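> Make a model of this:
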Amino acid sequence: MLGAIGSFLVTGAMISAIYALIAIGFTMIFGVGGVLNLAHGGLIMLGAYGFLVVTSSSTVEFLAIPPIAGLAVAIAVGAVASYGLYVGLVEYIEDNPVITFLATLVVALILAELAIVAFSSSPRGLVNLAPGSSGQSVGLRVTNLEIVAFVTSWVAIGLLWYYVTRTDDGRSILATSMSQRGAQLTGVDLPSVKAKTWLIAGALAGLAGVFIGTLQQTSPTMWLDPLALAFIIVVIGGIGSIKGSIVAAYLIGYLETLTVTLLGSGFRGTFSLVVLVIVLLVMPQGLFGREWVHE
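Below you'll find the predicted structure:
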């Protein structure tokens, strides 16, 4: 009994950390620019495939580098792609939310099609960053990869939290998410802040892509579930709230872990949708969101 409870707590904590990583970038972009970036899932996929290309000798043999270095490449791929998406497209259309919404969806679909052309539609496995497992001596079975994913995710979240709350550069992002007009009046360069936000969100997406692609599978359609998950978490936590995304990620992570344990993987997302509906009915702004007003 104690072993089962321990496994539930540990597994829920591991998966929730990755869920938080997925959702934070999504909510930052909406909080700062009011953009629902449907290409966020595509950036997660790009991170996974970027890692695959540089670490797997079966893909490009002379590019096979150590997995840790491949992780850095995946982060860079996600960051550069996200930044390029903003400065090359979104910056010119973000004043029209509907067009931006549709454009980012089209980008995600294009990325999926390009992945099919380049790698086929067959799922691929990624090189394991940390093979093996731990915890058998205390009745737990936790893979080393899950531990690495948990620690790395929280290091990334901690660094982001410090940057946003303790540095002038980061505070400009926080100020912009609260009020664009107020931020402008204090001398904040809005285009620069938005570009930095997309860069950070892409980096987090690339990092998450490696862990999702390794723990599950890497495929051209792998972006769909993370995107839906990010949307659910962000709405529950409060759109634009980093703290809300973290809390909601753990709520959904533990709820899904309990559901899979008791009912099976086929019911994984059922109760998350129930919680989403309840939150929308009772607290439309989310757990830590704020009422949006016209400036």
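
> Quick one: mean pLDDT for stretch 98-112?
Stretch 98-112 shows an average pLDDT of 95 in the prediction.

> Can you list the buried residues in it?
Buried residues in stretch 98-112, counting neighbours by 16 or more other CB atoms under 10 Å, are found at 100, 103-105, 107-108, 111-112. To be clear about C-beta, it is placed using only N, CA and C from the backbone, and glycine gets the same treatment.

> Could you do stretch 75-94 as well?
By neighbour count with 16+ other CB under 10 Å, stretch 75-94 contains the buried residues 75, 77-83, 85-86, 89-90, 93-94.

> Tally up the residues packed near T11, please.
Neighbour count for T11, taken as other CB atoms under 10 Å: 21.

> go on, M178?
For M178, which is what you asked about, the neighbour count (other CB under 10 Å) is 13.

> ok so, going back, which pair in the buried residues of stretch 98-112 has the greatest spatial separation?
Between any two of the buried residues of stretch 98-112, the greatest separation by CB to CB is 19.0 Å, found for T100 and A112.

> of the buried residues of stretch 98-112, closest to G41?
A108 (5.9 Å).

> ok, that closest one - contacts?
Residues counted as contacts of A108 (CB atoms under 8 Å, 6 or more residues apart in numbering) are 38-39, 41-42, 223, 227.

> Show me these that map onto helices.
Among those, DSSP state H puts 41-42, 227 in helices.

> All the strands of the protein, residue numbers only.
Assigned by DSSP state E, the chain shows strands spanning 133-134, 142-143.

> just the helices in the stretch 101-250 of the chain please.
Along the stretch 101-250 of the chain, counting by DSSP state H, counting those that start in this stretch, helices occupy 144-166, 168-178, 180-185, 190-215, 224-237, 242-263.

> need the least confident one among the ones you listed, by mean pLDDT.
Lowest mean pLDDT within the helices of the stretch 101-250 of the chain: helix 180-185, a mean of 84.

> From the rest of the structure, what touches that helix?
Taking CB under 8 Å, 6+ apart as the criterion, the residues outside helix 180-185 that touch it are 172, 175-176, 190, 193, 295.

> Those residues: which two are farthest apart?
So, these by CB to CB: farthest apart are S172 and E295, at 17.1 Å.

> which of the buried residues of stretch 75-94 lies closest to P131?
Minimum separation from P131 among the buried residues of stretch 75-94 (CB to CB) is found for I75, which lies at 21.3 Å.

> check contacts around the closest one.
The contact partners of I75, by CB under 8 Å, 6+ apart, come to 47, 203, 206-207.

> what does the model give it for pLDDT?
The per-residue pLDDT of I75 was computed as 97.

> Ok, Q136 next?
According to the predicted model, the pLDDT of Q136 comes to 62.

> Same question for R290.
In this prediction R290 is given a pLDDT of 60.

> repeat for V35
90.

> Neighbours of it, how many?
So V35, with other CB under 10 Å, has 23 neighbours.

> likewise A17?
Burial measure for A17: 24 neighbouring residues, criterion other CB under 10 Å.

> List the contacts of the closest residue in space to it that isn't next to it in sequence.
Computed as CB to CB, 6 or more residues apart in numbering, the closest residue to A17 that is not its neighbour in sequence is S153, at 3.9 Å. Taking CB under 8 Å, 6+ apart as the criterion, S153 is in contact with 17-18, 20-21, 207-208, 211.

> let's see 10 Å
By CB atoms under 10 Å, 6 or more residues apart in numbering, the residues touching S153 are 14, 16-22, 24, 204, 207-208, 211, 249.

> is it true that T261 touches T11?
Yes - at 8.4 Å, T261 and T11 qualify as touching, with contact defined as CB atoms under 10 Å.

> just to revisit the earlier point, just the strands of the chain: most buried one?
Ranked by mean neighbour count under mean count of other CB atoms under 10 Å, the strands of the chain are led by strand 142-143, which reaches a mean of 18.
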